[in-house]
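Asker: Show me how the following folds:
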Amino acid sequence: MRGFLAALALVTAAAPALAEDDFVKVPAEGTVAEVMNRLVVAVEGAGALVFARVDHAGGAQIVGDSLPDMELLIFGNPKLGTPAIKDAPMAGLKLPLRVLAYEDAEGAVWLAYQDVGEMLEDAGGDDDAAYVAPIAGALEKLTAQAAGG
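Answerer: Next comes the predicted model:
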């Protein structure tokens with residue numbers, strides 16, 4: 001056990017810390033499920049692929065615990081993501097994209113995702129590369145569509 005904790009401490013120390021400003025948070029109207037349903041429609045309507053929809057609150061219930069409503073959507077467009085992964089293979093750990101829909105302590109619903117430039121720079125890419133703006137623009141457009149009522 002001591003070896004595991006020592007290894008975990010090394011990995012944690014080596015991992016870049018994510019600051020709150022590394023994330024984009026968008027206020028959304030409706031329940032988490034409604035917002036996530038709209039995001040799925042927007043993603044598929046844009047021709048991107050939905051790879052997974054993860055219900056974190058449902059997972060917590062399975063183990064007898066609870067979380068506020070919270071779902072994660074994993075999706076992407078290989079046409080946009082492939083150049084990033086070719087440039088920085090570790091971007092494959094960050095892509096496909098992930099957007100979290102969650103309810104906060106006050107009952108407000110939010111969409112959140114990591115800033116694309118920061119995310120790809122953390123993976124060894126260039127935050128000014130030509131592929132960053134199209135990915136960031138797509139995320140902004142899709143989350144705006146999902147956030148509205």
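
Asker: Show which residues not belonging to stretch 136-149 make contact with it.
Answerer: With C-beta atoms under 8 Å, 6 or more residues apart in numbering as the test, stretch 136-149 has contacts from 24, 26-30, 35-36, 38-39, 42-43, 46, 48, 77, 80, 97, 99, 101, 111, 113, 115-117. Quick note: C-beta positions are derived from backbone N, CA and C, even for glycine.

Asker: top helix in the protein by residue count?
Answerer: Counting by DSSP state H, the longest helix found in the chain is helix 132-147.

Asker: pull the CA atoms of that helix into CSV?
Answerer: Only the C-alpha atoms of helix 132-147 are listed here, as CSV (Å, rounded to 0.1, in the frame of the first residue of the first chain):
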residue,chain,number,x,y,z
VAL,A,132,-7.5,25.0,-32.1
ALA,A,133,-9.9,27.7,-33.3
PRO,A,134,-12.2,25.4,-35.2
ILE,A,135,-12.4,23.0,-32.2
ALA,A,136,-13.0,25.8,-29.8
GLY,A,137,-15.6,27.4,-32.1
ALA,A,138,-17.5,24.1,-32.5
LEU,A,139,-17.6,23.7,-28.7
GLU,A,140,-18.8,27.2,-28.2
LYS,A,141,-21.5,26.8,-30.8
LEU,A,142,-22.7,23.4,-29.6
THR,A,143,-22.8,24.3,-25.9
ALA,A,144,-24.7,27.6,-26.8
GLN,A,145,-27.3,25.6,-28.7
ALA,A,146,-27.6,23.1,-25.8
ALA,A,147,-27.8,25.8,-23.1
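
Asker: Just the buried residues of that helix, please?
Answerer: 132, 135, 136, 138, 139, 142, 143, 146, 147 (16 or more other C-beta atoms under 10 Å).
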